[in-house]
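Peer 1: Got a predicted model here, sequence first, then my questions.
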Amino acid sequence: MAKQKAGRSRAPHDGRRAALARAQVEAHKRRRSGFVSSIMSRQMYGTTSQQNASYIGHVFGKMQARQRLLTHDGTSKKHRTFSSVLKTKTRVVEMVAEDNYLFVLETGGLCTAFEVNTGRILCYLNVDTDEYIRSIFYNRVNKSIITVFVREANQNELQCRSIPFMLVRKGKPEEGLPILKSEVFTHPGFIEFDDVNSKVLTFNAKKRLYRVWELRNYEPLYSIDGVGVKEIKVCKHLILVICDTRRSGSVQPMRVLDVETGEVLFQHQQPIHRGVRIDICELFNEFLLVQQAGGSLKICNIKTKQRWEVPRTKFIAPEGFIFLYEKRCFVTIRDKTASVWDFKGNLITRFEDHELMYENSNTNGISITRSQEYIVSYCARRHWNGDMDGTINVSCTSNGRCVAKISREQLRFDTDHHRQECGQALQDVTALVYNEERHEMYTGNQNGDVFMWKC
């Protein structure tokens with residue numbers, strides 16, 4: 001999560017695919033895997049939401065699956081040396097699209113780099129034949145792709161490599177730079193990439209030590225002692241340290257740090273019901289969101305101490321969050337439904353005709369435009385006879401209106417070969433990324449197929 005979904009992408013300690021429960025998206029930034037880059041500026045295409053909606057509707061109304069990209073090249077000398085697991089086509093779980101590059105990661109651990117203009121494979125990011133990549137992240141600060149991987153001999157230890165785009169183009173990922181080498185990441189350790197603040201957060205479980213690194217040069221900035229810490233979360237400019245409650249009784253002690261220096265900015269004591277599970281504990285700028293199992297959502301401005309409460313009948317703990325920084329609101333995902341809320345607990349948008357295809361909260365099938373005005377998702381369409389198929393829906397985050405939809409009836413094919421190659425482009429989509437600069441979209445599916453969409 002990668003992930004796209006701006007925000008953060010946490011690689012799991014045991015090498016399993018990171019199921020992103022939350023993705024933080026900032027305007028003017030492109031999220032790592034699953035989220036996308038800039039929409040054309042409002043100055044260029046008008047200032048009203050109606051004009052923007054008209055433009056977006058026009059773009060997606062003309063969008064067609066133009067080409068199927070083959071992630072496995074059996075004639076490649078490198079591909080032939082891979083293990084049988086890497087050589088097997090598996091589900092696409094992450095994609096990163098930037099400039100003329102597309103990176104595709106499969107559950108089996110193979111990561112393929114494409115040149116978009118030609119559709120040809122530039123290289124495989126798996127440097128060694130026993131290297132299984134578990135997550136990818138685009139580092140916009142130094143224009144490189146970061147791979148998080150394990151090796152066959154030790155699948156419980158995560159390692160990282162930074163590969164500049166220049167080396168990807170040359171087909172020499174092996175010349176990339178191993179990073180974070182001073183740390184050992186085993187269960188329950190993790191590596192988390194924060195695109196919003198251009199930082200890396202790591203946890204060395206053996207040393208019980210959190211560390212914050214600079215994404216620009218991968219140098220450590222400061223450490224946080226993990227003794228007495230339950231969890232750490234990163235948001236824009238801040239770090240939330242959630243402390244152990246065993247000695248605190250009916251309050252949840254927290255510290256808020258400056259993400260650049262580690263300096264403690266606020267101490268906060270959040271009242272809680274002792275012994276009741278905390279389902280939500282999130283910090284968005286100065287707003288703290290806390291919800292315990294079966295309880296109401298409590299929102300606190302940690303600067304002014306102003307508080308709001310949303311009854312549990314109105315707000316049920318979601319499976320996933322997407323924070324929209326510039327719009328100062330957040331999207332919740334629950335039961336295949338996305339909704340937009342403000343930080344006083346008001347429901348401000350319900351999306352029409354926007355039932356997500358999958359039950360889980362994986363955000364790789366969702367993209368947010370840079371303006372944060374539109375959400376692009378793989379959705380389910382139900383028919384009168386009980387059948388269901390997949391569509392790609394584009395909805396406005398301000399009013400919930402569906403401004404565009406790509407369905408199977410919309411697909412057009414130039415030749416029988418084109419139909420044979422791209423006829424299944426809307427089936428079982430598991431990853432989606434929209435490159436706004438190029439007005440292109442890329443989708444990957446359950447079978448390991450990748451499709452390029454163009455106007």
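Peer 2: Sure thing, it's come through. Treat the numbers as computed from the prediction; the structure is a model and nothing was measured. Numbering: from 1, shown residues only.

Peer 1: And the strands in the stretch 351-455 of the chain?
Peer 2: 366-368, 374-382, 388-396, 402-406, 429-435, 440-445, 450-454 (DSSP state E, counting those that start in this stretch).

Peer 1: Ok, which of those strands comes nearest residue 60?
Peer 2: The closest of these to residue 60 is strand 402-406. By Cβ to Cβ, the value is 3.6 Å. Heads up, the C-betas are built off the backbone N, CA and C, glycines and all.

Peer 1: mind listing the strands for the stretch 201-350 of the chain?
Peer 2: Using DSSP E, counting those that start in this stretch, strands in the stretch 201-350 of the chain cover 209-214, 220-225, 229-235, 238-243, 251-258, 264-271, 278-284, 287-292, 297-301, 307-310, 320-324, 329-334, 337-341, 347-350.

Peer 1: strands paired with the last one, and their directions?
Peer 2: Here strand 347-350 has these sheet partners by DSSP bridges: strand 337-341 (antiparallel).

Peer 1: Give the buried residues for the partner strand.
Peer 2: Within strand 337-341, the residues scored as buried using 16 or more other Cβ atoms under 10 Å are 338, 339, 340, 341.

Peer 1: Stretch 156-173 now?
Peer 2: Buried, per 16+ other Cβ under 10 Å, within stretch 156-173: 157, 158, 159, 160, 161, 162, 163, 164, 165, 167, 168, 173.

Peer 1: got it, and stretch 419-438?
Peer 2: Result for stretch 419-438 [16+ other Cβ under 10 Å]: buried residues 421-422, 424-426, 428-436, 438.

Peer 1: average pLDDT for that stretch?
Peer 2: Confidence for stretch 419-438, expressed as mean pLDDT, is 93.

Peer 1: how long is that stretch end to end?
Peer 2: One end of stretch 419-438 to the other measures 24 Å (Cα to Cα, to the nearest Å).

Peer 1: just stretch 117-130 next, same as before
Peer 2: Stretch 117-130: ends 30 Å apart by Cα to Cα.

Peer 1: quick one: that stretch to chain centroid distance?
Peer 2: The chain centroid and the centroid of stretch 117-130 are separated by 22 Å, computed with Cα atoms, centre = their mean, to the nearest Å.

Peer 1: My read is that residue 356 contacts residue 381, right?
Peer 2: No: in terms of Cβ atoms under 8 Å, residue 356 does not count as a neighbour of residue 381; the distance is 11.6 Å.

Peer 1: where does the closest residue to residue 292 other than its chain neighbours land on pLDDT?
Peer 2: Nearest in space to residue 292, with sequence neighbours left out and distances taken as Cβ to Cβ, 6 or more residues apart in numbering, is residue 276 at 4.5 Å. What the model reports for residue 276 is a pLDDT of 91.

Peer 1: which among the buried residues of stretch 419-438 gets closest to residue 124?
Peer 2: When those are compared against residue 124 (criterion: Cβ to Cβ), the nearest one is residue 431, at 17.7 Å.

Peer 1: Which strand residues bridge residue 290?
Peer 2: residue 281, residue 298.

Peer 1: Report the secondary structure element holding residue 54.
Peer 2: Element membership of residue 54, judged by DSSP states H and E, is helix 49-61.

Peer 1: what's residue 147 in contact with, if anything?
Peer 2: Residue 147 makes contact with 111, 125, 133, 135, 136, 160, 161, 163, 176 under the criterion Cβ atoms under 8 Å, 6 or more residues apart in numbering.

Peer 1: Quickly check the residues you listed for the two that are furthest apart.
Peer 2: Going by Cβ to Cβ, the pair spanning the contacts of residue 147 furthest: 135 and 176, at 15.3 Å.

Peer 1: Residues in contact with stretch 403-423: which ones?
Peer 2: Residues contacting stretch 403-423 (Cβ under 8 Å, 6+ apart): 53, 56-57, 59-61, 63-68, 353, 374, 381, 389, 391-396, 425-426, 451, 453.
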